[in-house]
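> Structure for this input, please:
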Amino acid sequence: MRKRWLCFCLAVCLTLSLTACGASETAPASSDGTAPPVTSVKPEKVAEDGLEGTNPLTGLPIAEELETLRPVGVMLNDLKEAMPQLGVGEADIIYEIPAEGGITRMLAVYQNPEQVEVLGSIRSTRPYYIDLVLGHDAILIHAGGSPSAYADLAQWKVDNLDGVNGGSDAEIFWRDQERKENVGYEHSMMTSGENIETYLEERSIRRDHEEDYRYPVQFSAEGMGLSGETAHQVSVRFSSYKTGVFDYEKKSGTYLVSQYGEPYVDGNTGEQVAVSNILILKTRVSLLSGDSAGRLSVDLDGEGSGIYVCNGQAVNISWSKPTRTDPLTYTLEDGTPLTLKAGKSYVCVVSNDSPVEIAA
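Residues are numbered from 1 along each chain as shown. Prediction:
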């Protein structure tokens, strides 16, 4: 996709110059340790970058031809020993949800992942992540899944690239040799934005949204200017194993993310992950009946309460997702649709009784 955009730009430049002159999770298939073969409110345009479109996931400028692309959702490992994650700092939206045993996993969503150098480590999916993928009309990247997740992928005809049971899909993944030797085989699966885009361009997977699809979340350059509880630090307790911490940096107007008592750093860049919006969604989280592995049921179809944090302020909100294929939407307590600040978002999905601490 990026290549086609560059070709278009070169063609335009050539034309102008001529005018001027003349006028169930099993062992992954790949293990060799080698590198791979290969509806928003638009903010002011960044004219000098020549970006005429708007990223529907962030409200930020993007190449116009990328606006209608289906995003890519990548399942990321979040165990402490698997840090650092790679490519997470470039995600447009990060969804973090509890998984079995108190751990969490993340679904990192990218409108255009092509420029992300390395993505990983990749882990398996669960039905509630598929709920999010369907709401975004996204393409899922994962390495295996629970039995119920595999059943849902088939039933709902979810476009997905699987590093475990994906057949030719496995071509886009590789194992990081150092991680495999030092932190464990299960924490070593990687891919890249280039590999994903190259594979998708060569296959018959639909790349653009259907004409009737709309992502209804709105953005403005500075957000809604809400006045709520002062929120210079926010702590979200997912479980006894994992608490996420968000510290407000007034200069940048973003929240710096920490976990496991350390800055949450993207291993590609060495930079701490920073987001403009934090959405904490409360819902029913329970043990999946009859599941011997202790997997969870997380209710994401319906509605619930939550907290929105932005620009050093926190306010109560409501969230809604009427059906499995609907995207999440957010409103203030009086029913007014929430307008997010243009930029990246971090969505924490936690149980109704999970503690959230907000400090000035």
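> where's Y260 relative to P322, distance?
Y260 sits 36 Å away from P322, taking C-beta to C-beta, to the nearest Å as the criterion. In this view, the C-beta of every residue, glycine as well, is placed from N, C-alpha and C.
> And the two? Which one has more around it.
Y260 (16 against 10; other C-beta atoms under 10 Å).
> Quick check: E81 is in a helix.
Yes. Note on E81: a helix contains this position according to DSSP: H, G, I helix; E, B strand; the rest coil.
> Starting from the host helix or strand of A151, tell me the next helix or strand along the chain.
In the assignment (DSSP states H and E), A151 maps to helix 147-155. Downstream of helix 147-155, the next assigned helix or strand under DSSP H and E is strand 160-162.
> Could you spell out the sheet neighbours of that following strand, each with its direction?
Within its sheet, and counting by DSSP bridges, strand 160-162 is paired with strand 139-142 (parallel).
> Rounded mean pLDDT for the strand it pairs with, please.
Averaging the model's pLDDT scores along strand 139-142 yields 98.
> Put the alpha carbons of it into PDB.
Taking C-alpha atoms only, strand 139-142 is exported to PDB below (Å, rounded to 0.1, in the frame of the first residue of the first chain):
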ATOM      1  CA  ILE A 139      -7.600  -8.100  10.400                       C
ATOM      2  CA  LEU A 140      -6.200 -10.100  13.300                       C
ATOM      3  CA  ILE A 141      -2.600 -11.100  13.800                       C
ATOM      4  CA  HIS A 142      -2.100 -13.800  16.500                       C
END
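> That one: how far from the chain's middle?
Taking C-alpha atoms, centre = their mean, to the nearest Å, one finds strand 139-142 lying 11 Å from the centre of the chain it belongs to.
> Show me the contact partners of that strand.
Counting by C-beta atoms under 8 Å, 6 or more residues apart in numbering, the neighbours of strand 139-142 from elsewhere in the structure are 70-75, 119, 122-125, 129-130, 133, 153, 158-163, 191, 196, 200, 205.
> one more time with 7 Å, if that's ok
Contacting residues not belonging to strand 139-142 are listed as 70, 72-75, 122, 124-125, 133, 158-162, 191, 196, 205 [C-beta atoms under 7 Å, 6 or more residues apart in numbering].
> Of those, which belong to strands?
Per DSSP state E, strands hold the following members of the contacts of strand 139-142: V72, G73, V74, M75, N160, L161, D162, T191.
> what about the closest residue to the fourth one other than its chain neighbours, how many neighbours?
In this structure, M75 finds its nearest non-sequential neighbour in H142, 4.2 Å apart by C-beta to C-beta, 6 or more residues apart in numbering. Other residues near H142 number 30, with proximity taken as other C-beta under 10 Å.
> Could you number the chain from 354 rather than 1 from now on?
All right, first residue 354 from here; so that's H495.
> May I have the beta-bridge partners of H495?
D515.
> Poorly predicted segments of the chain, please.
The chain contains residues with pLDDT under 70 at 354-402.
> at 50 instead, please
Segments of the chain classed as low confidence (criterion: pLDDT under 50) are 354-401.
> How is it divided into domains?
Annotated domains of the chain cover 383-388+399-555, 571-712 [automatic domain parsing].
> Out of these, which gets nearest to E564?
For E564, the closest of those is domain 383-388+399-555, at 9.1 Å, according to C-beta to C-beta.
> how far out from the middle of the chain is the closest one?
Distance of domain 383-388+399-555 from the chain centroid (C-alpha atoms, centre = their mean) equals 8 Å.
> how about the nearest residue to N669, chain neighbours excluded?
Going by C-beta to C-beta, 6+ apart, N669 has E686 as its nearest residue, at 5.3 Å.
> And the helices in the stretch 504-653 of the chain?
Counting by DSSP state H, counting those that start in this stretch, the segments of the stretch 504-653 of the chain that form helices are 530-535, 546-555.
> Tell me which of the ones you listed is the most buried.
Mean neighbour counts were taken over the helices of the stretch 504-653 of the chain using mean count of other C-beta atoms under 10 Å, and the top value, a mean of 18, falls to helix 546-555.
> The residue nearest to M428 and S477, how far apart?
Counting by C-beta to C-beta, the separation of H495 from S477 is 6 Å.
> Ok, I415 next?
Using C-beta to C-beta, one gets 30 Å for the distance from I415 to S477.
> burial count for S605?
S605 sits with 11 neighbouring residues when counted by other C-beta under 10 Å.
> no no, I711
When neighbours are defined as other C-beta under 10 Å, I711 has 19 of them.
> Kindly state the beta-bridge partners for it.
In this structure, I711 bridges to V587 when assessed by DSSP bridges.
> Go ahead and confirm it touches G581.
No. With the criterion set as C-beta atoms under 7 Å, I711 and G581 do not qualify as a contacting pair; they are 9.4 Å apart.
> quick one, phi/psi of P424?
Per-residue torsions, P424: phi -70, psi 170 (degrees, to the nearest 10).
> For burial, what's the neighbour tally of it?
When neighbours are defined as other C-beta under 10 Å, P424 has 23 of them.
> ok, now the one 5 residues further on?
By the other C-beta under 10 Å criterion, the neighbourhood of L429 contains 26 residues.
> Can you tell me how far it is from L493?
Counting by C-beta to C-beta, the separation of L429 from L493 is 12 Å.
> Repeat that for D561.
17 Å.
> Those two: who's more crowded?
Neighbours around D561 and L493, counted as other C-beta under 10 Å, are more numerous at L493. The numbers are 24 against 12.
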